[in-house]
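Asks: got a predicted structure plus its sequence, pasted below:
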Amino acid sequence: MSGEKPHILVVEDEFPVRECIRMIFKNLADLTIVNDYTAGITELEDQASRYNGVITDLRWANGISGLDVLKAAERTYDGLPVFVLTGHGNFDLVAAVEKKASEVGYVELMIKPPEVSELQRRVMEKANGYIPIRKQNP
């Protein structure tokens, strides 16, 4: 990315988690932070070629799944790195994310709270190497 900071979309409903992510990446990446999945999906669909990665929660307080954000990323971009964070033990959701991760290679599941240095390393490694490529017919 030749000196530019990557642009990361953060889709997270919990304020303390959003603030932690903001602090963790404040000098490393430009962040767009939204607090609901519909805003996250809208950002992905409307902001072509803007993002180098997405960090999203797996399970939302209202029962929505972060898989919806992942699906929007897949529909819109080729290979956009998506980091799915979870603190919940919902086996079916975790299994769905792990299956997708093994199939495509650009989805990563991380357990909350992630180790800060590991989260930084994994996100920056993938986001710095990703050039946003919007699909022609999402």
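Replies: Done, it's in.
Asks: quick check: which ranges of this protein have low pLDDT?
Replies: 1-3, 48, 61-63, 88-91, 93, 101-102, 104-105, 136-138 (pLDDT under 70).
Asks: and the helices in it?
Replies: 15-25, 37-46, 67-76, 91-104, 116-128 (DSSP state H).
Asks: between those, which one is nearest to V82?
Replies: Nearest of the helices of the chain to V82, taken as Cβ to Cβ: helix 67-76 at 5.2 Å. C-beta here means a position set from N, CA and C on the backbone, and glycine is covered the same way.
Asks: tell me what L109 is bridged to.
Replies: V84 (DSSP bridges).
Asks: residue contacts, it?
Replies: L58, V84, T86, V94, V97, E98, A101 (Cβ atoms under 8 Å, 6 or more residues apart in numbering).
Asks: tell me the spacing between it and R75.
Replies: Note on L109: its distance to R75, by Cβ to Cβ, to the nearest Å, is 20 Å.
Asks: coming back round to it: filter the contacts of L109 down to just the buried residues.
Replies: Burial by neighbour count, judged by 16 or more other Cβ atoms under 10 Å, picks out L58, V84, T86, V94, V97, A101 from the contacts of L109.
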